[in-house]
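**Student:** could you look at this predicted model? Sequence included:
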Amino acid sequence: MAEPGGHVFPGIAVADALDRRTRDLSVCWVGTSGHRGARATDHPVALRGVGSRPQRGARRKLVEALAAPPRGGAQAWRVLRERPHVVLGVGGYAGGPIVAMAAAMRLPTAVLEPNAVPGMTNRILSRVVKRAFVTHEETLSAFPAGVGVVTGSPVRRAFLARMALGGSGGRGRVGAGARRQPGGEGDQ
């Protein structure tokens, strides 16, 4: 998986869901050097820092970063030569180059787009990835025919547990309702 800051949690939700369904899952989180966002998961995740060019607000800079080999090209190559089963981009400029490189190596690639209007990185990658997992039906039109699949937005189990346990004082509202559901913790 490849990410910058704001794209961490959907990627973690995907990794955690796969972990519940797959034996011996190995996740490698590729992001900018020094990024610690993927440590928010309980699943053991290998963190690989890859140098990349930061976007400084200009779209042209992002296009240049995606078009040029990333500074961390050798680092990305080392990750990709391990032939991962799939490379999932979760948005943001840091993930663009490694997903594009994986597509050029003919590795299975996909992007996750939880927004109604895709970000620039995913719009650029839409031409090279095999799948785009989207939350909204109207987002499909931003991707080539047959690439987009409506899957909904992944939510981390820890987030749902916090809601049910009332991490922000919500237990009386959300937690009580969950206890009254058949099979819930309060069901007799």
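**Tutor:** Noted; the coordinates are in hand. Numbers count the residues shown, from 1 in each chain.

**Student:** dump the residue contacts of residue 104.
**Tutor:** The contact partners of residue 104, by CB atoms under 8 Å, 6 or more residues apart in numbering, come to residue 128. Quick note: C-beta positions are derived from backbone N, CA and C, even for glycine.

**Student:** need the pLDDT of it.
**Tutor:** In this model, residue 104 is scored at 92, pLDDT.

**Student:** distance of it from residue 28?
**Tutor:** For residue 104, the distance to residue 28 equals 18 Å [CB to CB, to the nearest Å].

**Student:** same question, residue 146
**Tutor:** 28 Å.

**Student:** same deal with residue 148?
**Tutor:** 25 Å.

**Student:** how about the strands in this protein?
**Tutor:** Remark: strands assigned in the chain by DSSP state E are 2-3, 27-31, 45-49, 87-89, 109-113, 131-134, 148-150.

**Student:** what packs against the longest helix belonging to the chain?
**Tutor:** Longest helix of the chain, by residue count under DSSP state H: helix 8-21. With contacts taken as 3 or more CB pairs under 8 Å, 6 or more residues apart in numbering; DSSP states H and E, helix 8-21 sits against strand 27-31, strand 109-113, helix 157-165.

**Student:** rewinding a little: comparing residue 148 and residue 28, which shows the higher neighbour count?
**Tutor:** residue 148 (22 against 17; other CB atoms under 10 Å).

**Student:** contact partners for that one?
**Tutor:** 131-132, 134, 139-140, 142.

**Student:** tell me the buried residues within those.
**Tutor:** Neighbour-count burial (16 or more other CB atoms under 10 Å) applied to the contacts of residue 148 gives 131-132, 134, 139-140, 142.
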